[in-house]
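> Output the structure for:
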Amino acid sequence: MVSTTAAILASAQRTGGRLLARPGTSGRSPVGGPAHARPALLAILTVAALLFTWDIQHSGYHAFYAQTARSMSESWKGFLFGSFDPGNSITIDKLPGFLWPQALSARIFGFHPWALTLPQAIEGVLSVAVLYRAVRRWAGESAGLLAAGAFALTPAVAGLFRTQAEDPAFTLLVLLAADATLRAAREARLRPLLAAGIWVGLGFQAKMLEAWAVLPALGLLYVVSAPAVLRRRLVHLAAAGAVCVAVSASWVLLVTLTPAKDRPYVDGTTNNSAVSQVVGYNFLTRFSSLGIDAKDTGSVAAQTMAGTAPTEPGHGHAATQWAKMVGPSLASQVGWLYPAAALAAVCGLVWLRGRPRTDPLRAGFLLWAVWLATYFLVFSAGAVGGHTYYMGVVAVPLAALFGAGTVQFWRAWRKGSGARTWALPVAVVTTVAWSAVVAGQYPTFLPWLAPAAIILAAGALALLALSRTDGAEGARRRIAVLGLGLAVAAMLGPSAAWASSVLDPAYGHSGMGSAGPVSTWHHHNARQRTFSAPPAARNAGDIAPESTDGLDEDQQRLLAYTRAHQDGATYLFATTSWRSAAAYILYAGAKVLPMGGFTGAAPTPTGAQFRHLVATGRLHYVVLGGAVTVPGRTNARWVRAHCARVPLPMSRLYRCSPGSAAVLP
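Numbering: from 1, shown residues only. Okay, here's the model as predicted:
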């Protein structure tokens, strides 16, 4: 990819060295642009597809999302509400929108690992294409190509679109919103602005309130730069905001208006409320380290959600939290271009400050700078904002700023006078120096990386300096373009090398959206939330509805016994944690009742509801064991006191007769 980018830049010297197409040529396709545009874009998309799909047939299962995708693929009720279990007893602990493509893919291709990963890979390629289109519309052809290449070669992006997490769909949707807003702002058009509101609303279905964090950047872009009077701009924003809220609230409203008896219990809540799930459990608890209390929102406790006790606040903890975006585990995944992007944002806004309010180039720098700052602060403040797969939405503005900034720096260098001339060398030096620092945190992984980047940077600076000496104009231009190609290679090389590690099976299946040695750490520490595909699934790529592939011998024995003695019950058995139910749902599609949801703290079923299930014959068996919290603990005590232990080896299986529950209040 780096060599392709260098070739793109070098080819520009045949057109007089013009690396910046006229901003705002929104109607021009790659066909109508420079000769290198279409093959370069196709090369970038091909590399992206390769990174996202390589060895996809050996994908693993996300141990929580994969079960939900299977349950959603087996009934339209489960699909609509995002049921974790095939019996539709409880939802996933998030809005299910990001899983709809996965569930549809499983319906079409059958339930196998690659069928769940394939939609994310497609979303990734589309994201690269949309970013290219948005940046090309804003800053020109070469900026769009550089941005698309930088985005595809970001390690977190290469890993993200190989996962079954929420962020692939979310990243694509907010990118579509940005592209639509850029179109709307150019001519003060309402229709694309309304489309942006729809895209953000759909992004809400994938990532909830995190999608709204993009609204300040989009709104500021339109209100600052749209060529219309302020009143019209505000009316347009109000209309788009209303559309955004309506689409965002659609699933929450559906769940709220559906009687509780006709839908699954909403996980992550103590009051069976979709509002509590979105606002309390998935938002306020994420900022508990800042002193925000979510106890009164209907959310389960923040420390229960995280699976650990809350960290004691202190100066050291606060410093670590606010520095995590530049820490090695995240900087190595998304932060290689921090210096170049930051310099691009500052120079773009300062250099263009004298232009008219409606200047589209300045407005674009404002968009991406505010976007980057917003998510940087959100993830720095969030108590659990350190997951690598969250970083796709950060990689977007970094890549956009890098693409447009490099073009701006090059134009300043070509003019050859004033302080702005130094922007390109400064970007190269600071970015490569920062890359050396990041790479130095992992000295045994690609030990040649930092020296190679430094050598490329030195060569780039030497060629750029040589292009300023006396000589023929054509020769100096060619030397300068070659220097620029080496500069881009030096800045992108470390990120590209880390991203390419997903092609190695040792690094390609972390399930956490990471690449390089960070991916192996994530895989080791998150293995309890990742299941490998069973041999039959890896070889034949499919799990039949009644298959027991993936279950160990004792689990198969338990499953066979409860199926043989189901006697018309709705559920094969109940468990006291989702982990105990996970394998049976994932590998066999069994209707297992996971009490307490993901955290174990959701009050479903209550003691009375549990006994009613037993009394009415809808539940005969219960498997005890694993992490047991309320309500599982309460129900487990009742089971031990009133149900008979089944002498099945290596299982804590109990049979509860309807009569044992019918006599109780």
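> a strand runs through Val346, doesn't it?
No: assigned with DSSP: H, G, I helix; E, B strand; the rest coil, Val346 falls outside any strand and is helix.
> Can you get me a residue count around it?
Val346 has 15 neighbours, counted by other CB atoms under 10 Å. Any C-beta I mention is one placed from the backbone N, CA and C, and that applies to glycine too.
> count of residues packed around Pro605?
Neighbours of Pro605 (other CB under 10 Å): 22.
> which ones are touching it?
Going by CB atoms under 8 Å, 6 or more residues apart in numbering, Pro605 touches 89, 593, 595, 613, 631, 635.
> and the gap between it and Ala641?
17 Å (CB to CB, to the nearest Å).
> same question, Leu463
Taking CB to CB, one finds Leu463 at 81 Å from Ala641.
> And for Ala433?
67 Å.
> which one of those two has more residues nearby?
Each of Ala433 and Ala641 had its neighbours counted (other CB under 10 Å), and the higher figure belongs to Ala433 (14 against 8).
> Doesn't the more buried one lie inside a helix?
Yes: assessed by three-state DSSP, Ala433 belongs to a helix.
> Next up, the contacts around it.
Pro339.
> and what of the one 3 residues further on?
The neighbours of Ala436, taking CB under 8 Å, 6+ apart as the test, are 450, 453-454.
> That one: helix or strand, and which one exactly?
helix 423-440 (DSSP states H and E).
> in that helix, what's buried?
Buried residues in helix 423-440, counted by 16 or more other CB atoms under 10 Å: 423-425, 427-432, 434-436, 438-439.
> Which one of the residues you listed is nearest to Leu377?
Using CB to CB, Trp434 is the member of the buried residues of helix 423-440 that lies nearest Leu377, at 20.1 Å.
> separation between that closest one and Gly513?
Distance from Trp434 to Gly513, by CB to CB: 22 Å.
> do the same with Pro425
34 Å.
> same question, Val438
18 Å.
> What of Thr421?
From Thr421 to Gly513 the distance is 39 Å (CB to CB).
> again, but for Pro39
To Gly513, Pro39 is 30 Å away according to CB to CB.
> between those two, who's got more neighbours?
The neighbour count for Pro39 versus Gly513, taken as other CB under 10 Å, is higher for Gly513 (29 against 14).
> Was I right to think Val214 contacts Ala177?
Yes: Val214 lies in contact with Ala177 (CB atoms under 8 Å); the separation is 6.5 Å.
> which residues of the stretch 401-550 of the chain fall in strands?
Using DSSP state E, counting those that start in this stretch, the strands of the stretch 401-550 of the chain run over 530-531.
> How about the secondary structure of the closest residue in space to Ser299 that isn't next to it in sequence?
Excluding the flanking residues, the one nearest Ser299 by CB to CB, 6 or more residues apart in numbering is Gly280, at 3.0 Å. When classified by three-state DSSP, Gly280 comes out as helix.
> And for the closest residue to Ala427 other than its chain neighbours, the neighbour number?
Nearest residue to Ala427, sequence neighbours excluded (CB to CB, 6+ apart): Ala340, at 4.7 Å. As a burial measure, Ala340 scores 29 neighbours (other CB under 10 Å).
> by contact count, what packs against the helix or strand hosting Leu237?
According to DSSP H and E, Leu237 maps onto helix 230-248. When contacts are defined as 3 or more CB pairs under 8 Å, 6 or more residues apart in numbering; DSSP states H and E, helix 230-248 packs onto helix 190-207, helix 215-225.
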